[in-house]
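**Q** Got a sequence here, can you build the structure:
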Amino acid sequence: MRIAIVGIGYVGLVSAACFADLGAEVYCVDVDEAKIQRLQQGEIPIYEPGLDTLVRRGREAGRLHFRTSIAEVLPHVEIIFSAVGTPPDEDGSADLSHVLAVARAIGAAMTDYCLVVTKSTVPVGTYRRVREVIEEEQKKRGVEIPFDVASNPEFLKEGSAIDDFMRPDRVVVGVDSDRARDLMTRLYKPILLNNFRVLFMDITSAEMTKYAANAMLATRISFMNEVANLCDAVGANVSMVRKGIGSDARIGSKFLYAGCGYGGSCFPKDVQAFIRTAHEHGCPMRVLEAVEAVNEAQKHILFDKFERFFSGDIRGRRVAVWGLAFKPETDDMRQAPSLILIRALLEAGCQVAVYDPVAMTEAKRHLGESVRYARDIYDSALDVDAIFHVTEWKAFRMPAWEVLARSVRTPLLIDGRNVFDTAPVEAGFTLLQIGQ
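**A** Predicted structure coming up:
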């Protein structure tokens with residue numbers, strides 16, 4: 001099959017590379033000419049394990065093409081995916097300007113039937129606006145060309161996106177015609193040859209499913225963070241509580257880890273957009289409003305523990321921050337808890353050294369020269385009063401604690417992900433964790 005994917009960001013590039021690896025001919029379209037030129041030269045603009053190999057393989061096989069014009073690729077494809085960004089507006093609603101711009105470009109250039117599939121996370125009912133915009137552009141041209149609109153929300157996790165794509169729990173597809181259903185079946189059949197886990201439904205339900213899934217996961221995280229804070233207050237151990245409730249088959253253990261808050265490009269904006277959609281329809285989501293409030297408060301918990309430990313005497317203290325990306329195996333720092341922590345430390349007059357295995361370049365975009373960029377975790381910890389563990393990279397799990405204990409000024413470790421056990425304590429560190 002020949003398909004096009006518009007918007008070569010995280011979702012678009014991963015999807016394109018995976019479809020090409022499965023034999024489809026894929027045209028990648030983005031208005032960012034510099035990005036397209038880099039991709040044509042084999043440079044990958046994002047970090048995702050294994051993605052560089054797939055892109056290279058697709059280019060060498062002649063199945064992965066990079067372009068800047070939708071009109072150029074439309075005559076060659078049967079399906080065109082819209083994977084452009086939907087950033088939050090000031091009121092929390094999703095900004096659909098890029099989605100509708102893609103629809104206008106398709107309506108202005110299409111010459112034959114195509115299936116227009118929204119892969120971006122969009123508010124419920126967006127498919128109607130996409131259809132209207134395409135029809136309006138056709139009317140301007142005085143043509144009436146058949147097309148279908150569908151929804152195919154993504155459920156990729158940064159850091160394991162390729163495996164998620166190739167071995168999905170399920171693929172959600174919203175359609176309203178047999179022709180669209182047949183095309184999407186042909187596209188996904190090679191991926192799910194032995195277990196066809198495509199869930200076909202109406203388009204409105206598909207759009208709702210994406211938001212509901214992310215909202216549920218965010219809810220579990222915020223719930224456990226509240227439980228952890230109560231554990232701190234009463235002297236319980238949240239890790240034991242997590243095992244106790246996670247063993248219940250009705251609950252399960254995933255997304256029950258306490259920490260310093262969730263970030264990234266999906267949960268924060270999707271929860272906000274879901275809340276906004278609910279308000280617009282007169283159905284306020286009070287639970288999700290609390291989920292968002294809990295998460296924003298949780299991002300301050302590491303700073304609060306640091307300030308309490310030193311009884312407010314923190315101006316001029318030197319600290320190290322381990323982990324900058326919002327989660328391991330990515331360089332994405334959007335809404336990262338590390339940014340909240342670092343900015344609070346700087347405002348309090350602290351000197352901050354930072355280290356992350358892959359997000360150092362991205363960090364400079366957010367933090368500039370306000371912090372010291374360390375060579376490794378040992379360099380970051382030289383003569384500091386506290387080490388903050390913010391992102392649970394595997395590379396941080398087994399450092400030489402005795403070496404670190406000799407290099408710090410105050411042996412204080414504030415573990416925002418509850419990763420460490422007795423090893424740092426045995427080396428002389430005071431260990432502060434979440435709910436333990």
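**Q** now the strands for the stretch 301-436 of the chain?
**A** Secondary structure of the stretch 301-436 of the chain, counting by DSSP state E, counting those that start in this stretch: strands at 318-322, 351-355, 372-373, 386-389, 412-415, 430-432.
**Q** closest to Leu230 out of the ones you listed?
**A** strand 430-432 (16.6 Å; Cβ to Cβ). Using the backbone N, CA and C atoms, a C-beta is placed for each residue, glycine as well.
**Q** Please list all residues in contact with Ile434.
**A** 225, 228-229, 232, 238, 258-260, 301, 415-418 (Cβ atoms under 8 Å, 6 or more residues apart in numbering).
**Q** Next secondary structure after the longest helix anywhere in the chain?
**A** In the chain, assigned by DSSP state H, the helix with the most residues is helix 203-234. Next in sequence after helix 203-234, counting helices and strands by DSSP states H and E, comes helix 238-246.
**Q** now for that next one, which elements pack on it?
**A** When contacts are defined as 3 or more Cβ pairs under 8 Å, 6 or more residues apart in numbering; DSSP states H and E, helix 238-246 sits against helix 203-234.
**Q** angle of the helix it packs on against helix 238-246?
**A** Orientation check (axes from the mean of the first three to the mean of the last three Cα atoms, to 10 degrees): helix 203-234 against helix 238-246 gives 140 degrees.
**Q** any idea how far the helix or strand hosting Val173 is from the chain center?
**A** Element membership for Val173 (DSSP H and E) is strand 171-174. With Cα atoms, centre = their mean, to the nearest Å as the basis, strand 171-174 stands 19 Å off its chain's centre.
**Q** Could you do stretch 149-166 as well?
**A** Distance, centroid of stretch 149-166 to centroid of chain: 11 Å (Cα atoms, centre = their mean).
**Q** Low-confidence ranges, the stretch 1-150 of the chain, go.
**A** Residues of the stretch 1-150 of the chain meeting the criterion pLDDT under 70: 90.
**Q** cutoff 80 now
**A** Along the stretch 1-150 of the chain, segments meeting pLDDT under 80 span 88-93.
**Q** Which residue ranges of it form strands?
**A** For the stretch 1-150 of the chain, strands defined by DSSP E, counting those that start in this stretch occupy the ranges 2-6, 25-29, 64-67, 79-82, 114-118, 147-151.
**Q** care to break the protein down by domain?
**A** Here the domain assignment for the chain is 2-201, 211-298, 301-432, based on automatic domain parsing.
**Q** Hmm, Thr68 and Glu33 touching each other?
**A** Yes - checked against Cβ atoms under 8 Å, the pair Glu33 and Thr68 is within contact range at 5.5 Å.
**Q** Those two: who's more crowded?
**A** Thr68 (15 against 9; other Cβ atoms under 10 Å).
**Q** List the contacts of the more buried one.
**A** Thr68 touches Val29, Asp30, Val31, Asp32, Glu33, Ile36, counting by Cβ under 8 Å, 6+ apart.
**Q** again, but for Arg186
**A** Arg186 makes contact with Met1, according to Cβ under 8 Å, 6+ apart.
**Q** Go again with 6 Å.
**A** By Cβ atoms under 6 Å, 6 or more residues apart in numbering, Arg186 lies in contact with nothing.
**Q** Check Ser120 too.
**A** For Ser120, the contacting residues are Ser82, Ala83, Val84, Thr86, Val99, by Cβ under 6 Å, 6+ apart.
**Q** Same check on Arg318?
**A** Gln351, Val384, Asp385.
**Q** Try it again at 10 Å.
**A** Contact partners of Arg318, counting by Cβ atoms under 10 Å, 6 or more residues apart in numbering, are 345, 350-353, 372, 380-386, 408-410.
**Q** swap in Glu392?
**A** Tyr257, Gly259, Trp322, Gly323, Lys327, Pro328, Asp415, Gly416, Arg417, Asn418, Val419.
**Q** Need the pLDDT of it.
**A** Reading off the confidence values, Glu392 has pLDDT 96.
**Q** cool, and Phe196?
**A** The score at Phe196 is 75. That number is its pLDDT.
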